[in-house]
Every structure is written in structure tokens, then in C-alpha cells.
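>>> what would the 3D arrangement of this be:
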Amino acid sequence: MGVLDGKIALITGASRGIGRAIAETLAREGADLALCDLQIDWLADTAAAVRALGRRAECFAVNVSQAADVEAGVNAAVQALGRIDILVNNAGITKDGFLARMSEADWDAVIDVNLKGTFLFSKAVGKIMMRQRGGAIVNIASIIGLIGNAGQCNYAASKAGVIALTKSVAKELAGRGVRANAVAPGFIETRMTEVLSAEVRQKMLDAIPMGRFGTPQDVADVVLFLASDASSYVTGHVVTVSGGMVM
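Reported below is the predicted structural model:
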């Protein structure tokens with residue numbers, strides 16, 4: 001038996017990296033999944049991995065920054081799977097650049113996906129969870145939302161917004177049995193870190209007390225805890241997964 005037996009989880013940005021690790025981890029613990037990303041074909045590998053674990057995987061193409069898309073995707077997920085017990089807002093992008101040269105378009109794009117997308121899904125799924133009198137929302141933030149980073153004003157602002165949104169949603173929905181928490185990863189081994197130079201990678205490693213980058217599984221394991229009944233008295237919290245970089 002898994003700790004999520006009988007649960008339905010919706011995950012955004014589920015096609016690769018942290019999102020795929022979360023999907024496989026929740027499926028191993030018994031959850032059936034609604035997988036969302038911008039293009040449905042991006043989800044094929046994740047869906048196949050989930051089904052290989054014996055769990056259902058329904059895939060939906062959703063632009064998280066568009067309210068109509070989000071509403072349609074959530075409604076389709078409920079129609080296909082019956083309910084939503086867990087929401088993981090993982091979809092996110094970066095468009096880095098220093099403040100003096102950052103375009104308004106790059107600012108808007110990052111805020112729209114990372115922050116507005118989290119708001120739209122939390123609103124749509126939150127209504128369902130309130131009617132069900134229970135549910136868990138887990139938002140993927142970032143340590144950059146806590147400490148800032150040169151060249152990432154838009155990303156830092158979006159993730160700081162996700163943290164504040166999480167705490168506000170937690171206060172609003174707690175009385176209906178719905179919990180909301182955030183996970184703030186540090187430097188995680190993904191496609192983003194693969195392209196960095198050896199010099200940059202070493203500089204990043206020097207800032208991490210544990211001396212290694214995190215893995216998508218490190219993040220997924222914390223998401224599992226926050227999505228499960230093991231954290232039934234935890235809401236409005238931000239868990240950093242950074243190897244001690246942020247304490």
C-alpha cells in the first residue's frame with residue numbers, strides 16, 4: 001500500500017525534470033495523475049512511466065497563464081478522474097537578464113507563467129477542494145524567491161510572489177480542510193545546470209554546505225510529504241531544499 005492510495009493529483013509542468021520526478025514519486029505511492037503541460041506530446045514519456053507503475057495518467061495541454069485554458073484543463077481532469085485531492089503547481093520558466101536590459105516582455109512572460117499560473121490553478125482547484133472539504137496544494141517556489149539573484153529580477157519576483165500567495169491561500173482555505181505549502185529548491189541537477197561552465201558550477205557548489213547539487217528526487221520526496229497525510233498539521237510553510245545554502 002502507498003501513502004497516496006485512492007488520491008488524485010494534478011501536476012503542472014509535468015513533462016521533465018522536477019515535474020516528472022514528482023509525477024513518478026506520487027504514482028509510486030498510489031496516486032492517479034492528471035498531467036499538464038503546454039503541449040500534450042511533451043507528456044508522453046512521463047505518462048508512460050506512470051502507467052508502467054500501474055497508475056492512471058491523463059494528459060492535458062494547458063497554457064497556465066490563460067484563465068480559460070486552466071478552467072478547461074481542470075474541468076477535463078475532474079471529468080476524467082472524478083476529483084482532485086492534490087495540486088502541484090510546478091510549471092515555471094526563466095528569461096534571465098540584468099534589470100537595465102530586461103525587456104517588459106521577458107518580465108511579463110515569467111510573471112505570467114510562474115506566478116499567475118500558480119494563482120489560476122490554485123483558484124480553480126481550490127474551489128473543488130473546498131467543496132470536497134479537503135486537499136493539499138504544493139507550490140514549487142525557489143530559494144531565489146527568498147534571497148534574490150542578480151540577473152533574475154523577474155524570476156525572483158515571481159517566486160517570492162508564489163511564497164506570499166501560498167501563505168495567503170493557506171490562511172484562506174485552512175478552515176475548509178485544505179492545506180497549502182511551498183517547496184523552495186536550491187540548485188538542482190536539471191537541463192539548466194547541465195549547460196553551465198565548470199567555473200560557474202564550482203562557484204555554485206562552493207556556496208552549498210553539503211557540497212553537491214540537489215536532484216529532482218530530493219524535491220519530489222519533500223513534495224510527497226507535503227501532499228500526504230503525514231503533513232496533516234502543516235500549512236503555510238516553505239520548505240527549502242538547498243543542501244544548507246539557505247537556512
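>>> I'd guess residue 114 is in a helix, am I close?
Yes - the assignment for residue 114 (DSSP: H, G, I helix; E, B strand; the rest coil) places it in a helix.
>>> can you map out the strands along the protein?
8-12, 32-37, 57-61, 86-89, 135-140, 178-185, 238-241 (DSSP state E).
>>> including distance to residue 126 and mean pLDDT, could those go into JSON lines?
For every residue, glycine as well, the C-beta is placed using N, CA and C. As requested, the strands of the chain are exported to JSON lines (distance: least, C-beta to C-beta, whole Å; pLDDT from 0 to 100):
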{"stretch": "strand 8-12", "distance to residue 126": "12", "mean pLDDT": "98"}
{"stretch": "strand 32-37", "distance to residue 126": "15", "mean pLDDT": "98"}
{"stretch": "strand 57-61", "distance to residue 126": "18", "mean pLDDT": "98"}
{"stretch": "strand 86-89", "distance to residue 126": "8", "mean pLDDT": "99"}
{"stretch": "strand 135-140", "distance to residue 126": "7", "mean pLDDT": "98"}
{"stretch": "strand 178-185", "distance to residue 126": "7", "mean pLDDT": "98"}
{"stretch": "strand 238-241", "distance to residue 126": "18", "mean pLDDT": "98"}
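>>> now distance to residue 230 and mean neighbour count too, for the ones you listed, in JSON lines please.
Below are the strands of the chain laid out as JSON lines (distance: least, C-beta to C-beta, whole Å; neighbours: other C-beta atoms under 10 Å):
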{"stretch": "strand 8-12", "distance to residue 230": "15", "mean neighbour count": "27"}
{"stretch": "strand 32-37", "distance to residue 230": "19", "mean neighbour count": "28"}
{"stretch": "strand 57-61", "distance to residue 230": "24", "mean neighbour count": "20"}
{"stretch": "strand 86-89", "distance to residue 230": "13", "mean neighbour count": "28"}
{"stretch": "strand 135-140", "distance to residue 230": "11", "mean neighbour count": "26"}
{"stretch": "strand 178-185", "distance to residue 230": "12", "mean neighbour count": "25"}
{"stretch": "strand 238-241", "distance to residue 230": "13", "mean neighbour count": "20"}
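>>> CSV for the ones you listed, including distance to residue 208?
Formatted as CSV, the strands of the chain follow (distance: least, C-beta to C-beta, whole Å):
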stretch, distance to residue 208
strand 8-12, 27
strand 32-37, 29
strand 57-61, 34
strand 86-89, 25
strand 135-140, 19
strand 178-185, 12
strand 238-241, 11
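>>> show me what contacts the residue nearest to residue 10 when sequence neighbours are not counted?
In this structure, residue 10 finds its nearest non-sequential neighbour in residue 34, 4.2 Å apart by C-beta to C-beta, 6 or more residues apart in numbering. If you count contacts by C-beta atoms under 8 Å, 6 or more residues apart in numbering, residue 34 has them with 8, 9, 10, 11, 58, 60, 77, 80, 81, 84.
>>> what's the answer for residue 244, then?
Residues near residue 244 by C-beta under 8 Å, 6+ apart: 208, 209, 210.
>>> what distance do you get for the first one to residue 199?
Spelled out, it's residue 208. 16 Å (C-beta to C-beta, to the nearest Å).
>>> with residue 219 instead?
Distance from residue 219 to residue 199, counting by C-beta to C-beta: 26 Å.
>>> residue 77 too?
44 Å.
>>> between these two, which one's more packed in?
Neighbour totals were compared for residue 77 and residue 199, and residue 77 leads with 26 against 8 (other C-beta atoms under 10 Å).
>>> kindly reformat the contacts of residue 34 as JSON lines containing distance to residue 168.
Shown next, in JSON lines, are these (distance: C-beta to C-beta, whole Å):
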{"residue": "8", "distance to residue 168": "25"}
{"residue": "9", "distance to residue 168": "22"}
{"residue": "10", "distance to residue 168": "20"}
{"residue": "11", "distance to residue 168": "22"}
{"residue": "58", "distance to residue 168": "30"}
{"residue": "60", "distance to residue 168": "26"}
{"residue": "77", "distance to residue 168": "24"}
{"residue": "80", "distance to residue 168": "30"}
{"residue": "81", "distance to residue 168": "27"}
{"residue": "84", "distance to residue 168": "20"}
